[in-house]
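Participant: sharing a model that was predicted from the sequence below.
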Amino acid sequence: MEIIILGTGCPKCKTLERMTRESVSRIGVEAAISKEEDIMNIMSYGIMHTPGLVVDGKVVMSGRLPSEKELDNLLTI
């Protein structure tokens with residue numbers, strides 16, 4: 001699984017990255033996690049608000065922080 005956190009470095013973006021790493025560890029999935037901070041690259045995903053979460057090339061969430069349970073669900077689909 002490839003996971004990309006979209007965000008320019010704001011506190012919510014950093015929180016989503018931390019939450020995602022914790023979730024991957026908790027649910028035990030194999031994942032490569034990276035962070036995209038370049039605004040032009042972020043815009044290419046078609047999101048208007050950060051943070052954003054991309055799983056295997058698909059934007060699954062943007063503009064808010066998910067709950068722990070919701071994030072676990074997004075990463076196990």
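Facilitator: Structure's in. What do you need? Fair warning: this is a prediction, and the values are worked out from it, not measured in the lab.

Participant: can you name the residues in contact with the longest helix seen in the chain?
Facilitator: Criterion DSSP state H: the longest helix present in the chain is helix 11-27. When contacts are defined by Cβ atoms under 8 Å, 6 or more residues apart in numbering, helix 11-27 is touched by residues 3, 5-7, 31, 33, 35, 50-51, 53, 64-66, 68, 71-72, 75-76. All C-beta spots, glycine's among them, are computed from the backbone N, C-alpha and C.

Participant: what helix or strand does the residue nearest to the spatial centre of the chain sit in?
Facilitator: The residue lying closest to the centre of the chain (Cα atoms, centre = their mean) is residue 53, at 2.8 Å. Under the criterion of DSSP states H and E, residue 53 resides in strand 52-55.

Participant: tell me what that strand is packed against?
Facilitator: strand 2-6, strand 58-62, helix 68-76 (3 or more Cβ pairs under 8 Å, 6 or more residues apart in numbering; DSSP states H and E).
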